[in-house]
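Trainee: let's see this in three dimensions:
(6 chains)
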Number of protein chains: 6
Amino acid sequence: MIHIIRRERFNSAHRLFRQEWSDEKNLQVFGSCSNPNWHGHNYILYVTIKGNINPETGFVVNLKDLSKLINKKIIDKVDHKNLNVEVGFMKNKIVSSENIAIAFWEQLEEDVKNLGAELHCVKLVETENNFVEYFG
Amino acid sequence: MIHIIRRERFNSAHRLFRQEWSDEKNLQVFGSCSNPNWHGHNYILYVTIKGNINPETGFVVNLKDLSKLINKKIIDKVDHKNLNVEVGFMKNKIVSSENIAIAFWEQLEEDVKNLGAELHCVKLVETENNFVEYFG
Amino acid sequence: MIHIIRRERFNSAHRLFRQEWSDEKNLQVFGSCSNPNWHGHNYILYVTIKGNINPETGFVVNLKDLSKLINKKIIDKVDHKNLNVEVGFMKNKIVSSENIAIAFWEQLEEDVKNLGAELHCVKLVETENNFVEYFG
Amino acid sequence: MIHIIRRERFNSAHRLFRQEWSDEKNLQVFGSCSNPNWHGHNYILYVTIKGNINPETGFVVNLKDLSKLINKKIIDKVDHKNLNVEVGFMKNKIVSSENIAIAFWEQLEEDVKNLGAELHCVKLVETENNFVEYFG
Amino acid sequence: MIHIIRRERFNSAHRLFRQEWSDEKNLQVFGSCSNPNWHGHNYILYVTIKGNINPETGFVVNLKDLSKLINKKIIDKVDHKNLNVEVGFMKNKIVSSENIAIAFWEQLEEDVKNLGAELHCVKLVETENNFVEYFG
Amino acid sequence: MIHIIRRERFNSAHRLFRQEWSDEKNLQVFGSCSNPNWHGHNYILYVTIKGNINPETGFVVNLKDLSKLINKKIIDKVDHKNLNVEVGFMKNKIVSSENIAIAFWEQLEEDVKNLGAELHCVKLVETENNFVEYFG
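Mentor: Numbers count the residues shown, from 1 in each chain, chains lettered A, B, ... in the order given. Next comes the predicted model:
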């Protein structure tokens, strides 16, 4: 059993807010992150999967295949997009790093199994100081 | 004469587009950067100033004073903001890294003189692969 | 259950030595790290906490609150300080990265509970080549 | 119980291929990584060991001793070398990051015990986007 | 006049040696970099171009076009290749970072002019400690 | 003519203050950097030299020779030292990054000439946000 990790990146706009709250309440809870005109990030995503090594290839999974999967299921849907408005799997959710990481996990979990491995960790870097890690 | 450099960061939404062009034309020229729903970045800003060392302090300028200046004239106006919509000094400009860097130069030039030094370079990092440097 | 991580930094002087040992013995065991005139580091601290997501906010804990806590209980006490001489919670301890990390854990553990989460890991980066991780 | 981590680096040539396969089959499975004329990497290695703190020194193990061990058992054998051709412990193995990490684990495991600690993780960074982690 | 910079990466094998010298002489001058079985690097390339901003686009040159150019003229020819054996523009040259940077300059200079800008700097990062910069 | 750059690192204690000023005056001008009990940094040093390429070696100067020079004239004297107290070439100077960079320039200038090249830039990174560059 060994872990392999693929890093991918995407640049998105987002906003933290609850629709049923006033702008003042949103500002009080979420600070400048609730700006109604949006702000954005260069998000960095680390996907860790675990599995046994295929003795024919020396790979758990070819990292190019993992990269393709992450791009198809996540990056193509979020890169240069507004995470609140344009991303189906974030609809009706608060677009916090925690909720993004869990949604990414749900996007990937089944397909990683189909690659013959198991999803282990989704790590999302929002800024150089703030990260989340989700282990399912 | 010596150079000192201060790094600051800000997270903003933006969009590349010309209002008089159709969405198709904007998409053709600017690609996904023209997304009408915005995207965003963790911008990194490096401000270089040059001057003589004050023999009393060993400083060209106290970097804390330079940091305060950059925050007052730039970061407070752009961080967690929409660069197209909310930033006075970007109004009616295409919000490319080139134009942002020049606008930042104009924000800082006089005030750096008032600190007793000279603005030398504004470097803006949009992504880990794309940067601009403006020398006035 | 999800992990969130906050990065903070501090710049301190320190020295590795045992008071009851001679300078020669200290030099033999700790090398140049025992220099009686001190040396120092740009320490980087990663604090990981874990908990359930508050469905109202999408947060385990607002990372700004975690940052405030780390600053109040740690950074304000160690930044631009001499870790051997000026930091109460390091008194009578060898100021190794291991011991610093454990002392930081003790500083944070209760207060993280009061934020509604659980301390998971204190990671301390002393140089780009040397780190410790403490899990309680 | 606490974890300490040492980072080391090495620059090597390698190639992914199975000798019994044709060049076409190798190219199909391994892509450009199977180039018969080799390519190479600046590998980064993170070795994590765990143990109890020696109360005399404040160390699990002196990181200089861990560094010496990693250099003797690994770096001296792989740095500025061809991993397929010149490294005894990689003979008859596919030189994937997975297999390298496991071979490094085998190189270190006993000697880390002799230092009075336990090997916890071998992390190998092949590129800024591709990593493996092996926990034994 | 403003500078824009594009970062690209490639992974290659190489060797420093003079064919007319013995292995001993090569070893004495080039050290382990002359290993006859090759070694390799994750090279990082920074290409800086300068020019006037096109008022229609806000760009000196669209960085995607610069990226395409660098990939066509350089990356496609060197990535996952042996720089000594497989790269036409390095034939009969010592494959030092200095000579690579100059050869890259020659590959790009005319085409950058055709993009409407001027090549300013080719920076090549061989390891985290060793770089070269060529300004023509 | 081409530039080559070598990165080196050192960990030191220092303090910003003028002996003839009171502690209050020092605190007012230099802030927490004047702490009488010292603080410290992981300094990063980039030395750029320029020269013509030796056609026999493909080098301006072997970077290993440049590294040895920087270590002999600088790193051995400042690493794990107190910059105010133990470094001859900083005596009677305010230990600001500006003054350190200039003193390093003076340490290196002649010896770089003896290597057959010319010193171009000394860049000193004090923290991830604060740098100086000296060009002589």
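Trainee: hey, let's count contacts and neighbours off CA atoms from now on
Mentor: OK.
Trainee: farthest residue from the center of chain A?
Mentor: Within chain A, the residue lying farthest from the chain centre (Cα atoms, centre = their mean) is A:E56, at 31.4 Å.
Trainee: could you give the mean pLDDT of stretch A:69-83?
Mentor: For stretch A:69-83, mean pLDDT is 98.
Trainee: what about stretch A:5-21, start to end distance?
Mentor: Start-to-end span of stretch A:5-21 (Cα to Cα, to the nearest Å) is 39 Å.
Trainee: give the buried residues for that stretch.
Mentor: For stretch A:5-21, a neighbour-count test (16 or more other Cα atoms under 10 Å in any protein chain shown) marks A:5-18 as buried.
Trainee: filter those by proximity to chain D?
Mentor: A:5-8 (Cα under 8 Å from any Cα of the partner chain).
Trainee: restrict these to those near chain F?
Mentor: Taking Cα under 8 Å from any Cα as the test, chain F is in contact with none of those.
Trainee: which of these fall within strands?
Mentor: Using DSSP state E, the members of those that fall in strands are A:5-8.
Trainee: helices and strands of chain A: which one has the lowest mean pLDDT?
Mentor: Lowest by mean pLDDT, DSSP states H and E among the helices and strands of chain A is helix A:23-30, with a mean of 95.
Trainee: which other helices and strands contact it?
Mentor: Taking 3 or more Cα pairs under 8 Å, 6 or more residues apart in numbering or on different chains; DSSP states H and E as the contact definition, helix A:23-30 has no neighbouring helices or strands.
Trainee: can I get it in CSV? Just the C-alpha atoms.
Mentor: Only the C-alpha atoms of helix A:23-30 are listed here, as CSV (Å, rounded to 0.1, in the frame of the first residue of the first chain):
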residue,chain,number,x,y,z
ASP,A,23,-25.4,42.1,3.9
GLU,A,24,-24.5,43.3,7.4
LYS,A,25,-24.9,39.9,9.0
ASN,A,26,-22.8,38.3,6.2
LEU,A,27,-20.1,41.0,6.7
GLN,A,28,-20.1,40.4,10.4
VAL,A,29,-19.7,36.6,10.1
PHE,A,30,-17.6,36.3,6.9
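Trainee: next one: it to chain centre, how far?
Mentor: Helix A:23-30 has its C-alpha centroid displaced from the chain centroid by 25 Å (Cα atoms, centre = their mean, to the nearest Å).
Trainee: mind listing what's buried in that helix?
Mentor: A:26-27, A:29-30.
Trainee: now the angle between strand B:39-51 and the next helix or strand after it, please.
Mentor: For helix A:23-30, the succeeding helix or strand toward the C-terminus, using DSSP states H and E, is strand A:39-51. Between strand A:39-51 and strand B:39-51, the angle comes out at 110 degrees (axes from the mean of the first three to the mean of the last three Cα atoms, to 10 degrees).
Trainee: quick check: next helix or strand after strand A:39-51?
Mentor: Scanning forward in sequence from strand A:39-51 by DSSP H and E, the next helix or strand is helix A:63-70.
Trainee: tell me the buried residues in that next one?
Mentor: Applying a neighbour-count criterion of 16+ other Cα under 10 Å, one finds A:63, A:66-67, A:69-70 buried in helix A:63-70.
Trainee: how about it and chain D, touching?
Mentor: Yes - in terms of Cα under 8 Å from any Cα, part of helix A:63-70 sits within range of chain D, namely A:L63.
Trainee: what about the longest helix in chain A?
Mentor: When chain A is parsed with DSSP state H, its longest helix is helix A:97-114.
Trainee: for chain C, what are the nearby residues on chain A?
Mentor: Within reach of chain C by Cα under 8 Å from any Cα, chain A has these residues: A:18, A:29, A:94-96, A:98-99, A:128-135.
Trainee: ok, now with 6 Å
Mentor: For chain A, the residues in contact with chain C (Cα under 6 Å from any Cα of the partner chain) are A:94, A:96, A:129-134.
Trainee: most neighbours out of those residues, which is it?
Mentor: Compared across those, A:V132 has the highest neighbour count, 26 neighbours, by other Cα atoms under 10 Å in any protein chain shown.
Trainee: helix, strand or coil: sort out it for me.
Mentor: strand (DSSP: H, G, I helix; E, B strand; the rest coil).
Trainee: quick check: bridge partners of it?
Mentor: A:L124, C:I4 (DSSP bridges).
Trainee: which residues touch it?
Mentor: By Cα atoms under 6 Å, 6 or more residues apart in numbering or on different chains, A:V132 lies in contact with A:123-124, C:3-5.
Trainee: per-residue confidence for the closest residue to chain F within chain A?
Mentor: Nearest residue of chain A to chain F: A:E128, at 11.6 Å (Cα to the nearest Cα). A:E128 is assigned a predicted lDDT (pLDDT) of 98.
Trainee: for whatever residue of chain A ends up closest to chain B, name its beta-bridge partners.
Mentor: Across chain A, the shortest distance to chain B (Cα to the nearest Cα) belongs to A:G40, at 3.6 Å. On the basis of DSSP bridges, A:G40 is bridged to A:A13.
Trainee: test my guess that it contacts B:H14.
Mentor: No - if you go by Cα atoms under 6 Å, A:G40 and B:H14 don't touch, sitting 8.0 Å apart.
Trainee: need the overlap of contacts for these two.
Mentor: B:G40.
Trainee: which SS state does A:Q19 fall under?
Mentor: Following three-state DSSP, we place A:Q19 in the coil state.
Trainee: so what does it look like in phi/psi?
Mentor: Dihedral angles of A:Q19 (phi, psi; degrees, to the nearest 10) stand at phi -60, psi -30.
Trainee: distance of it from chain D?
Mentor: Separation of A:Q19 from chain D (Cα to the nearest Cα, to the nearest Å): 37 Å.
Trainee: neighbours of A:E110, how many?
Mentor: Neighbours around A:E110, by other Cα under 10 Å: 13.
Trainee: just give the nearest non-adjacent residue to A:H3, would you?
Mentor: Leaving aside its chain neighbours, A:H3 sits nearest to A:K50 (4.4 Å; criterion: Cα to Cα, 6 or more residues apart in numbering or on different chains).
Trainee: ok now do the one you found, which residues does it touch?
Mentor: A:2-3, A:117-118.
Trainee: quick one: those as a markdown table, columns for secondary structure, pLDDT and distance to A:N35 too.
Mentor: Formatted as a markdown table, the contacts of A:K50 follow (DSSP: H, G, I helix; E, B strand; the rest coil; pLDDT from 0 to 100; distance: Cα to Cα, whole Å):
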| residue | secondary structure | pLDDT | distance to A:N35 |
| --- | --- | --- | --- |
| A:I2 | strand | 98 | 42 |
| A:H3 | strand | 98 | 39 |
| A:A117 | coil | 98 | 40 |
| A:E118 | strand | 98 | 38 |
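Trainee: nearest to A:A103, of those residues?
Mentor: Checking the contacts of A:K50 against A:A103 with Cα to Cα, the nearest one is A:E118 at 16.4 Å.
Trainee: quick one: contacts for the closest one?
Mentor: Per Cα under 6 Å, 6+ apart, neighbours of A:E118: A:49-50, A:112.
Trainee: ok, 10 Å please
Mentor: Counting by Cα atoms under 10 Å, 6 or more residues apart in numbering or on different chains, A:E118 touches A:3, A:48-52, A:108-112.
Trainee: and what of A:I49?
Mentor: By Cα under 10 Å, 6+ apart, the contact set of A:I49 is A:2-6, A:60-61, A:66, A:109, A:112-113, A:116-122, D:132.
Trainee: spatially nearest residue to it (excluding sequence neighbours)?
Mentor: A:L119 (4.4 Å).
Trainee: taking strand A:130-134 as reference, get the angle to the longest helix of chain A.
Mentor: Here helix A:97-114 runs at an angle of 40 degrees relative to strand A:130-134 (the same axes, to 10 degrees).
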